[in-house]
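Asks: I would like the atomic coordinates for the input below:
(2 chains)
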Amino acid sequence: QQPVQSPQAVILREGEDAVINCSSSKALYSVHWYRQKHGEAPVFLMILLKGGEQKGHEKISASFNEKKQQSSLYLTASQLSYSGTYFCGTATGNQFYFGTGTSLTVIP
Amino acid sequence: DVKVTQSSRYLVKRTGEKVFLECVQDMDHENMFWYRQDPGLGLRLIYFSYDVKMKEKGDIPEGYSVSREKKERFSLILESASTNQTSMYLCASSLGGGRGTLGEQFFGPGTRLTVL
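Replies: A predicted model of the protein is given here:
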């Protein structure tokens, strides 16, 4: 029931784009995205509700395809500050599960 | 500024000891959570509380218990610590709603527990 994230790890140069995927085997009510920097607490990025809406904040956006039970996080023109581990969280029925995380490293 | 605080950043205990991890939030949130975080396994829910004195088991409750006597405070108890409970423990809080309709969760800084 834990969603599957891919890739597990990615290394980017500043200015490059990245996509992180989150896939569930169950029908989803919502998808949440969090970022955790090394040694810090996870911080909320956004929630996407079923209906296929796409949300964004500056250069980080996400989509939610409820038919495919998938969500993708898009990071464009990555900055050094984007480094960290990204977690998706999926709400289904009365359950909520975090994925195993995607480590993203942005290098100069 | 909203805040979730945890009693210790680092804790070292011996096998068989009773361990208390405390979490306090100042946002008047109904929901509080205890997660453990292990490399490659992400965040796994241990217990969830949706109101004072109310609790639900999460995905990995074995070996743990919780207490919520006041709205702002949620305690995680390891009755008899074992080495496989060595982990990072994260507390979180959110506004009300069941696990299927959760909103934003606010996390504390975590407690790294080592059981020798």
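
Asks: near chain B, which residues of chain A?
Replies: For chain A, the residues in contact with chain B (C-beta under 8 Å from any C-beta of the partner chain) are A:2, A:29-30, A:32, A:34, A:40-44, A:47, A:87, A:89, A:91-101. Where C-beta positions appear, they are placed from N, C-alpha and C, glycine not excepted.

Asks: which ones among those are found in strands?
Replies: Members of the residues of chain A next to chain B lying in strands (criterion: DSSP state E): A:30, A:32, A:34, A:43-44, A:47, A:87, A:89, A:91-92, A:95-98.

Asks: From those residues, pick the one nearest B:F106.
Replies: A:F44 (7.5 Å; C-beta to C-beta).

Asks: OK, contacts around the closest one?
Replies: A:32-34, B:104-106 (C-beta atoms under 8 Å, 6 or more residues apart in numbering or on different chains).

Asks: Most neighbours among these, please name it.
Replies: B:Q105 (27 neighbours; other C-beta atoms under 10 Å in any protein chain shown).

Asks: can you tell me which residues contact that residue?
Replies: Residues near B:Q105 by C-beta under 8 Å, 6+ apart: A:32, A:34, A:42, A:44, B:33, B:92-94.

Asks: and those residues as TSV, adding pLDDT?
Replies: Below are the contacts of B:Q105 laid out as TSV (pLDDT from 0 to 100):
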residue	pLDDT
A:H32	93
A:Y34	96
A:P42	95
A:F44	93
B:F33	94
B:A92	96
B:S93	94
B:S94	91
